[in-house]
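Chemist: the sequence isn't on hand, but the structure is:
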Ligand SMILES: [Zn+2]
């Protein structure tokens, strides 16, 4: 940097020569005239003490919020092609940053979802081949796959919110928009991140052709129950309750009926009703969201 | 080198090496003043926040490396002001302060005589010389001299053509030289009041 008047501009940093709090406050609130501001800036460029002192004049919540977003973005790494595309389409950058920081969207989680699905689907294909000789009368071999699908959705939601797994868990408190919107965005992203692989895997397991579509409503119902439960009990208890909502019917039905009865059409009506009821509860009690997740 | 400065250097090194805790500490030390200083150049808090985050992300991702020589604050400022220019380019020109609105509203703040000397401009006869410049000329000089921008970057920050920045800087230096020459002689430093507009 070349300056036509180096001595005048640079000479501010004498021994003990620091700016008074009044000057800093006036500068930070834009109440200094431009010439005075010029000299303040020339000083703080080289004076670490006055730089640190300026922090006191910036809104603390604003700094904390930006800090959270920064650390979340740093934890996520470089934006991938999908994020760049969404950004170009007009999705706000800070929202993308928060979604990308959602663990259920991270590559490691997606890979484990695919891994679990591959194991379960492969197992049912093999079992069907060995025991049923491809006849598939009751589809009992599908029970592991049926169990796992909605549980993966729950796992994604839990991972998105349990502070233990989430480096950006303080985001909920410091979100740049209402907390519920943020939590809902993350919950939806977690739902989709598990729902799509489950539906695709349903094409590959031995089962009726309508199985992929039949998996959607139970997944949605379990997801809604999780959101509703978390407004009533803590996050861990909500995960257990919503998991039981799916696991118990599957096991009970498989013991006495054909296994697929749990996703046949009259069961679908029940899942739809459950999803609607849970959605209503979650909506009515939405102001309790954050407390549940961050407890 | 003060212990603060060496502390900053250590933090920069740790951040470049991927230490998340160091990133948080570096942010705590520098985000405040950077936010204040960028806010004087852009009217939108969102754009300023974005530029501040981009600055620290650039350090984190190793897109900018400190090569020594010069204050860490000046280094961070160099990144911050350029990230602000990038952010302004994305957001459109409406976020820039226009020169009429940017002028401070008042000079109600009374600065003590001691502070005036410490700030350094006053006794250098620079203050009245700068104050005598038109806002446009001063802004061009500020962007190129104080902010350390190239003519092209200053043009983008100010939203004018590059040639305009060049000619304004030229005129500003001429005017400053003349004002400083006038002020030579027996003029006492404290003759000017602080904050004349
Ligand atoms: Zn100082």
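Modeler: On my side now, so go ahead. Keep in mind that this is a model prediction, so the values were computed, not measured.
Chemist: doesn't residue A:17 fall inside a strand?
Modeler: No: counting by DSSP: H, G, I helix; E, B strand; the rest coil, residue A:17 is not part of a strand but coil.
Chemist: how many neighbours does it have?
Modeler: 17 (other Cβ atoms under 10 Å in any protein chain shown). Placement of C-beta: from N, CA and C, glycine included.
Chemist: okay, now the residue lying closest to residue A:32 once chain neighbours are set aside: neighbour count?
Modeler: Nearest in space to residue A:32, with sequence neighbours left out and distances taken as Cβ to Cβ, 6 or more residues apart in numbering or on different chains, is residue A:26 at 4.7 Å. Counted with other Cβ under 10 Å, the neighbours of residue A:26 add up to 25.
Chemist: distance of residue A:26 relative to residue A:247?
Modeler: Residue A:26 is 64 Å from residue A:247, where distance means Cβ to Cβ, to the nearest Å.
Chemist: with residue A:207 instead?
Modeler: 19 Å.
Chemist: and these two? Which one has more around it.
Modeler: Each of residue A:207 and residue A:247 has its neighbours counted (other Cβ under 10 Å); residue A:207 has more, 24 against 15.
Chemist: which of the three states applies to the more buried one?
Modeler: Reduced to three states by three-state DSSP, residue A:207 is coil.
Chemist: what does residue B:133 give?
Modeler: coil.
Chemist: quick check: longest helix of chain A.
Modeler: Across chain A, the longest stretch assigned as helix under DSSP state H is helix A:179-204.
Chemist: residues in the stretch 1-150 of chain A within reach of the ion, list them.
Modeler: A:18, A:47, A:49-50 (Cβ under 5 Å from the ion).
Chemist: mind giving me the PyMOL select for those residues, buried ones only?
Modeler: Remark: buried members of the residues of the stretch 1-150 of chain A next to the ion, expressed as a PyMOL selection using 16 or more other Cβ atoms under 10 Å in any protein chain shown:
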select buried, chain A and resi 18+47+50
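Chemist: now the residues of the stretch 1-150 of chain A next to the ion in a markdown table, with pLDDT and distance to residue A:284?
Modeler: As requested, the residues of the stretch 1-150 of chain A next to the ion are exported to a markdown table (pLDDT from 0 to 100; distance: Cβ to Cβ, whole Å):
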| residue | pLDDT | distance to residue A:284 |
| --- | --- | --- |
| A:18 | 83 | 56 |
| A:47 | 86 | 55 |
| A:49 | 90 | 53 |
| A:50 | 91 | 52 |
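Chemist: might you specify the subset of the residues of the stretch 1-150 of chain A next to the ion located within helices?
Modeler: Checking the residues of the stretch 1-150 of chain A next to the ion against DSSP H, those in helices are A:49-50.
Chemist: mind listing what residue B:53 touches?
Modeler: By Cβ atoms under 8 Å, 6 or more residues apart in numbering or on different chains, the contact list for residue B:53 reads A:66, A:69-70, A:73.
Chemist: and those, which of them are in helices?
Modeler: A:66, A:69-70, A:73.
Chemist: which one of these is nearest the ion?
Modeler: Nearest to the ion out of the ones in helices among the contacts of residue B:53 is residue A:66 (Cβ to the ion; 24.4 Å).
Chemist: pretty sure the closest one is touching residue B:49, no?
Modeler: Yes: checked against Cβ atoms under 8 Å, the pair residue A:66 and residue B:49 is within contact range at 5.2 Å.
Chemist: joint contacts of these two?
Modeler: With Cβ under 8 Å, 6+ apart as the test, residue A:66 and residue B:49 both reach residue B:35.
Chemist: surely residue A:286 meets residue A:231?
Modeler: Yes: using Cβ under 8 Å, residue A:286 is in contact with residue A:231, at 7.3 Å.
Chemist: so after the helix or strand of chain A with the lowest mean pLDDT, what's the next helix or strand?
Modeler: Counting by mean pLDDT, DSSP states H and E, the weakest-scoring helix or strand in chain A turns out to be helix A:6-10, with a mean of 35. Moving toward the C-terminus from helix A:6-10, the next helix or strand (DSSP states H and E) is helix A:21-28.
Chemist: which secondary structure elements does that following helix contact?
Modeler: Here helix A:21-28 touches helix A:34-46, helix A:48-54, helix B:113-119, going by 3 or more Cβ pairs under 8 Å, 6 or more residues apart in numbering or on different chains; DSSP states H and E.
Chemist: and among those, the most buried is which?
Modeler: Mean neighbour count (mean count of other Cβ atoms under 10 Å in any protein chain shown) peaks for helix A:34-46 among the helices and strands packed on helix A:21-28, with a mean of 24.
Chemist: which other helices and strands contact it?
Modeler: helix A:6-10, helix A:21-28, helix A:48-54, helix B:20-39, helix B:72-91, helix B:113-119, helix B:126-131, helix B:135-141.
Chemist: can you pull the pLDDT of residue B:58?
Modeler: Note for residue B:58: predicted pLDDT of 89.
Chemist: next, the angle helix B:72-91 makes with the helix or strand hosting it.
Modeler: Following DSSP H and E, one finds residue B:58 within helix B:45-60. Angle of helix B:45-60 versus helix B:72-91, following axes from the mean of the first three to the mean of the last three Cα atoms, to 10 degrees, is 130 degrees.
Chemist: what residues of helix B:45-60 count as buried?
Modeler: Under 16+ other Cβ under 10 Å, the buried positions of helix B:45-60 are B:47-60.
Chemist: with distance to residue A:281 added, can I get the residues you listed in CSV?
Modeler: Listed next are these as CSV, based on distance: Cβ to Cβ, whole Å:
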residue, distance to residue A:281
B:47, 40
B:48, 41
B:49, 36
B:50, 38
B:51, 42
B:52, 40
B:53, 37
B:54, 41
B:55, 44
B:56, 41
B:57, 40
B:58, 45
B:59, 46
B:60, 41
